[in-house]
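Asks: Give me a model of this one.
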Amino acid sequence: MKIPLLTVLMLLFATAALAQSPVGKWKRVSYMVDIDGKKVDMHAALLKQRPCAAKIVYKFAETGKASLDAAACEEGYRKMQEKLWSKTKWKVEGSRLTTSSTDFALGTSYTVTYSGRQMTWKSDDGVIVYEKL
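Replies: Model prediction:
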């Protein structure tokens, strides 16, 4: 059975479009900031204090809801992180991804890019890199 070229191209385009979306489960792999002219990986610093953070899963639902699963961490830290993310929403407009816990009355915007299984958020405050699970 031959599949028409147009159908194949449409499927490839649809697959590429799905790959370039925050929807799904992610792990944070770095969070680089500039402190006094020096690049510092805040995620690596966090891992020294809380190794369980390497197992935190960030979830971005199609509905625009963001959450995290910090089950691997001790109860106090897990509860704090899950509460912080409990009202978080996200939206993408072009190459801008915005997160907010105030229904977008206030929020933080990033330029979002994708490369393979990585999603990178860039802002004036730093660069966060997530890896798709």
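Asks: quick one: the helices in this structure?
Replies: 5-19, 42-49, 75-85 (DSSP state H).
Asks: what bits of this structure have low per-residue confidence?
Replies: Applying pLDDT under 70 to the chain flags residues 1-19.
Asks: if we go to 90?
Replies: Low-confidence regions of the chain, defined by pLDDT under 90, span residues 1-20.
Asks: residue boundaries of the strands in it?
Replies: In the chain, the strands defined using DSSP state E lie at 24-35, 38-41, 57-60, 66-69, 89-93, 96-100, 108-115, 118-123, 126-132.
Asks: Okay, and the beta partners of V40?
Replies: Beta-bridge pairing of V40 under DSSP bridges involves V33.
Asks: Ok, D69 next?
Replies: Here D69, judged by DSSP bridges, has bridge partners V57.
Asks: burial count for it?
Replies: Neighbour count for D69, taken as other Cβ atoms under 10 Å: 16. C-beta coordinates here come from the backbone N, C-alpha and C atoms, glycine included.
Asks: which residues does it contact?
Replies: Applying Cβ atoms under 8 Å, 6 or more residues apart in numbering to D69 gives the contacts 56-57, 59, 82.
Asks: which one of the residues you listed is nearest S101?
Replies: E82 (12.6 Å; Cβ to Cβ).
Asks: I'd say that closest one and C73 touch.
Replies: No: counting by Cβ atoms under 8 Å, C73 is not a contact partner of E82; they are 9.6 Å apart.
Asks: Of the two, which one has the most company?
Replies: A direct count of neighbours by other Cβ under 10 Å for E82 and C73 places C73 higher, at 19 against 16.
Asks: what's the burial count for E62?
Replies: 9.
Asks: cool, and A70?
Replies: A70, neighbours per other Cβ under 10 Å, totals 22.
Asks: what's the answer for D125, then?
Replies: D125: 12 surrounding residues under other Cβ under 10 Å.
Asks: Skipping adjacent residues, who's closest to it in space?
Replies: V33 (6.5 Å; Cβ to Cβ, 6 or more residues apart in numbering).
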